[in-house]
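Colleague: Test case, fold it:
(chains A, B, C and D)
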There are 2 protein chains.
Amino acid sequence: MDRQASGALVPDVTLDRTSPVPLYYQVATRLQQQIEEGDIPVGSRLENEVELADRLGVSRPTMRRAISYLVERGMLVRKRGVGTQVVHPKVRRPVELSSLYDDLLKSGQAPRTEIREFEVRPAPDQIAEALGIPFGAEVTWIERLRFAGDEPLALMHNAVPVDVIRLRREDLERNGLYDLLRAAGHVPRMANQVVGARVASAGEARILDEARGAPLLTMTRTAWDAAGKAVEYGSHLYRASRYSFELNLTS
Amino acid sequence: MDRQASGALVPDVTLDRTSPVPLYYQVATRLQQQIEEGDIPVGSRLENEVELADRLGVSRPTMRRAISYLVERGMLVRKRGVGTQVVHPKVRRPVELSSLYDDLLKSGQAPRTEIREFEVRPAPDQIAEALGIPFGAEVTWIERLRFAGDEPLALMHNAVPVDVIRLRREDLERNGLYDLLRAAGHVPRMANQVVGARVASAGEARILDEARGAPLLTMTRTAWDAAGKAVEYGSHLYRASRYSFELNLTS
DNA sequence: GTCAATGGTTTGTCCTGACATATTTTGTCA
DNA sequence: TGACAAAATATGTCAGGACAAACCATTGAC
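Modeller: Now for the predicted structure:
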C-alpha cells in the first residue's frame, strides 16, 4: 500500500516565490481552482496536511493556512483524526455584501438609474443616529428610481456623509453607489439590514407603476467600512412582484 | 519615554495552561471581555503584538491568532505598519444563523407554537431538489403556527430529512426547530434564503388573523450543517405588520 | 461472539526564530 | 523652510519542530 491511497491526488501546482502574492494564498487559490474544476471530486478526502505540504514544497503552517482559508469559505471541512473533505458546492457560495446594481448586472439585466433628487443637506436626526454622526452633520441625500430594462424596480433613498465621499450626480447615473464607495476606498464590509413589507401608497404606486395596495418590500440599511466608519444609510422600496432578496448566511 | 506610551494598556490576564481550552482562545476571550467592559476604550490602539505576547507570556503566533479571531469577528482592525485598533461596537455584532424562535426568546416575547400538521412522507420533488436528496426520500413535514404572546405571527412549513433527526411532536411544541437540530449535532451553519412579499389569500388571512390582501413577508430557506449536509427546508409566511427581518451581514 | 484495549493516522495547538513590507516619524541637506 | 532620505515601528509571511487529542480499525481477552 502506498501513500496515494490515503486521499485524493492533489495535482502539483507551480508556486512563485518571488511574487508579492503570499504563498498560502497562492496555494489556496490553486486548490480552489482544482476543486471548482472537479479535479478534486466533491466528497473526496484530501491527502493529509504533512504530505500535501511536503509535495507542494511549503511548510505545514503555510499549508494549514491555505486550507483554513478554504474551510472558512465553506469549501472544505476538517475533522481531527479523520482528514479534510470537499463539501458540496451548494453550500459554498460566499456571503457577499452586494447592492441592487451589482445584482442586476450579474443576472444579466440592464440596470438604469433615474435620479429624482440630489442635494447636500444636514442629516435628519434619525439618520444621523443610524450613521453615528453628529446631529446636523452634512450628508448627500439622494432619491433614485432603479429600472431593470424598461420596468421600474425600486425607489431608493440614500444618505452618504460628505466626508466619506463627495458624490457627483453624473457618476451616480452610470454606476451603483457601492461601486463608487469601493472606488473611494470605503469598501462596505458590514451592514445592518431590516427587511419588511407593506402596501404601496398612491404616490409610491404611481412612481413604481404598480396598483395602489400592491405589496412592497422595504429595506433599511446602514453600512460600515472595515475601520468601522459608517459609509451609507439607505431606505429602499422594492416591487415585490419583480424582486426578492437572496441571501447566503453563515454562522 | 517608555513603551507604555505606544498603546492602551491591556490588563494582565491569568491563563490556565492545564485547561483543555486553547491558549489563543483564552487570550481572545479575555481580550473581548475587556473591550466589552470598556477597559480597553473604543478607538484606542492596542500595544503591539510582540509586547502583548511578551506580557501575557505567550508566543507571538498565539497572540496573533487571538487577535485574528477578534478581527474576524469585527471587534478589531489591523493595519500593517500602524497597529491594531478597537472598532465601534455598532459594527461588531456577529452574524448569526438564528430561527424565529430564538429571536422571539431574545427579544423577551413569549413564543408559542401550534402544530397544525405533522407527518412523515416522501418529499415533493421541488423540496427534494432544494435539499439535494433523492426524489421520494422521506422527510418530516410540518406546518406550524407561531405566536408571540396571543397574536399569531407566522405560518411556517418545514421539511426535515428523517435521517437527519427523528422529530417528535412534543419536542416541537416546547422547542424551536433549530434548537432540536443543534441538540442532534446537526448545527445549521450555512443557509440560503429568499425573502419576498405578497398579499394574503383569504385562507392565509384567516389563519394569521389579518385582513384579506394584507401584506405578508415570505421566506424560503435551505440550511446545511458544517459537513454540507442539508438539514432543513422551510417556507414561511410572516405578518408584515408584526415582523421584519433584521440581518447583520459581513463581506 | 461481544466488548474493551491499543496503536496508527490525522488534525489541533504551541513554540522559537527570521525576514519582508507598509507606515510614520525623525533627521538631514539644499 | 521645504523636500527628500533614513530609521524606527508595526504587522505580514514563512520555516521547522514538538507534543496533544480525536478518530478509526484492528487486535486481543473474556
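Colleague: which is the next helix or strand following the helix or strand harbouring residue A:120?
Modeller: Secondary structure assignment for residue A:120, by DSSP states H and E: strand A:111-122. Note on strand A:111-122: by DSSP H and E, the next helix or strand toward the C-terminus is helix A:125-131.
Colleague: is any part of that following helix close to chain B?
Modeller: No - on the criterion C-beta under 8 Å from any C-beta of the partner chain, helix A:125-131 is out of touch with chain B, staying 9.3 Å away. In short, each C-beta sits where N, CA and C put it, glycine included.
Colleague: For that helix, the averaged confidence score.
Modeller: The predicted model assigns helix A:125-131 a mean pLDDT of 94.
Colleague: Next secondary structure after that helix?
Modeller: strand A:138-148.
Colleague: following that following strand, which helix or strand comes up?
Modeller: Immediately after strand A:138-148, counting by DSSP H and E, sits strand A:151-161.
Colleague: What residues of that next one count as buried?
Modeller: Neighbour-count burial for strand A:151-161 flags A:152-161 (criterion: 16 or more other C-beta atoms under 10 Å in any protein chain shown).
Colleague: which stretches of the stretch 151-251 of chain A form strands?
Modeller: Listed in chain order, the strands of the stretch 151-251 of chain A (DSSP state E, counting those that start in this stretch) span A:151-161, A:188-199, A:215-225, A:230-239, A:245-250.
Colleague: What number of residues are in the vicinity of the residue of chain A found nearest DNA strand C?
Modeller: Using C-beta to the nearest atom of the strand, residue A:48 is the residue of chain A that sits closest to DNA strand C, at 3.0 Å. The tally of other residues near residue A:48 (other C-beta atoms under 10 Å in any protein chain shown) stands at 16.
Colleague: what angle separates the strand holding residue A:120 from strand A:138-148?
Modeller: 160 degrees (axes from the mean of the first three to the mean of the last three C-alpha atoms, to 10 degrees).
Colleague: Need the residues that contact strand A:111-122.
Modeller: Applying C-beta atoms under 8 Å, 6 or more residues apart in numbering or on different chains, the contact partners of strand A:111-122 are A:100-101, A:104-105, A:136-148, A:162, A:169, A:172-173, A:176.
Colleague: separation between residue A:149 and residue A:156?
Modeller: 17 Å (C-beta to C-beta, to the nearest Å).
Colleague: Also residue A:173?
Modeller: Taking C-beta to C-beta, one finds residue A:173 at 13 Å from residue A:156.
Colleague: okay, the buried residues of strand A:151-161 in JSON lines with pLDDT next?
Modeller: Listed next are these as JSON lines, based on pLDDT from 0 to 100:
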{"residue": "A:152", "pLDDT": "93"}
{"residue": "A:153", "pLDDT": "91"}
{"residue": "A:154", "pLDDT": "93"}
{"residue": "A:155", "pLDDT": "96"}
{"residue": "A:156", "pLDDT": "95"}
{"residue": "A:157", "pLDDT": "97"}
{"residue": "A:158", "pLDDT": "96"}
{"residue": "A:159", "pLDDT": "97"}
{"residue": "A:160", "pLDDT": "95"}
{"residue": "A:161", "pLDDT": "94"}
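Colleague: Residue A:167 versus residue A:124, what's the distance?
Modeller: Taken as C-beta to C-beta, the span from residue A:124 to residue A:167 is 18 Å.
Colleague: Of all the strands of the stretch 151-251 of chain A, which one comes closest to residue B:65?
Modeller: When the strands of the stretch 151-251 of chain A are compared by C-beta to C-beta, strand A:245-250 sits nearest residue B:65, at 20.2 Å.
Colleague: could you dump that closest one to CSV, C-alpha only?
Modeller: C-alpha atoms of strand A:245-250 as CSV (Å, rounded to 0.1, in the frame of the first residue of the first chain):
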residue,chain,number,x,y,z
PHE,A,245,-33.8,39.2,-1.7
GLU,A,246,-31.5,36.3,-1.9
LEU,A,247,-29.2,35.8,1.0
ASN,A,248,-26.5,33.4,1.9
LEU,A,249,-25.8,33.3,5.5
THR,A,250,-23.1,31.7,7.6
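Colleague: what residues go with each domain of chain A?
Modeller: A:3-91, A:100-239 (automatic domain parsing).
Colleague: Please identify the most buried of the ones you listed.
Modeller: Compared across the domains of chain A, domain A:100-239 shows the largest average neighbour count, a mean of 17 (mean count of other C-beta atoms under 10 Å in any protein chain shown).
Colleague: Would that one count as contacting DNA strand D?
Modeller: No - using C-beta under 7 Å from any atom of the strand, domain A:100-239 never reaches DNA strand D; the gap is at least 11.1 Å.
Colleague: Briefly note if that domain comes near DNA strand C.
Modeller: No - for a cut-off given as C-beta under 7 Å from any atom of the strand, domain A:100-239 has no contacts with DNA strand C; the smallest distance is 10.7 Å.
Colleague: if we can go back for a sec, just send the strands of the stretch 151-251 of chain A back as a markdown table, with distance to residue B:132 too.
Modeller: Shown next, in a markdown table, are the strands of the stretch 151-251 of chain A (distance: least, C-beta to C-beta, whole Å):
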| stretch | distance to residue B:132 |
| --- | --- |
| strand A:151-161 | 31 |
| strand A:188-199 | 26 |
| strand A:215-225 | 28 |
| strand A:230-239 | 29 |
| strand A:245-250 | 15 |
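Colleague: The stretch 1-150 of chain A: helices as residue ranges?
Modeller: With DSSP state H, counting those that start in this stretch applied, the stretch 1-150 of chain A shows helices at A:23-36, A:49-56, A:60-72, A:100-106, A:125-131, listed in chain order.
Colleague: related to what we said a few turns ago, tell me which of the strands of the stretch 151-251 of chain A sits nearest to chain B.
Modeller: strand A:188-199 (3.4 Å; C-beta to the nearest C-beta).
Colleague: Direction included, what does the closest one pair up with?
Modeller: Take DSSP bridges as the rule and strand A:188-199 pairs in its sheet with strand A:215-225 (antiparallel), strand B:245-250 (antiparallel).
Colleague: Confidence-wise, which of those strands is weakest overall?
Modeller: Among these, strand B:245-250 scores lowest, at a mean of 77.
Colleague: got the buried residues for that one?
Modeller: B:245, B:247-250.
Colleague: Look up the closest residue to whatever residue of the stretch 101-250 of chain A ends up closest to DNA strand D, ignoring the ones flanking it.
Modeller: Residue of the stretch 101-250 of chain A nearest DNA strand D, by C-beta to the nearest atom of the strand: residue A:226 (11.1 Å). If the residues on either side of it in the chain are set aside, residue A:226 comes closest to residue A:189, at 4.6 Å by C-beta to C-beta, 6 or more residues apart in numbering or on different chains.
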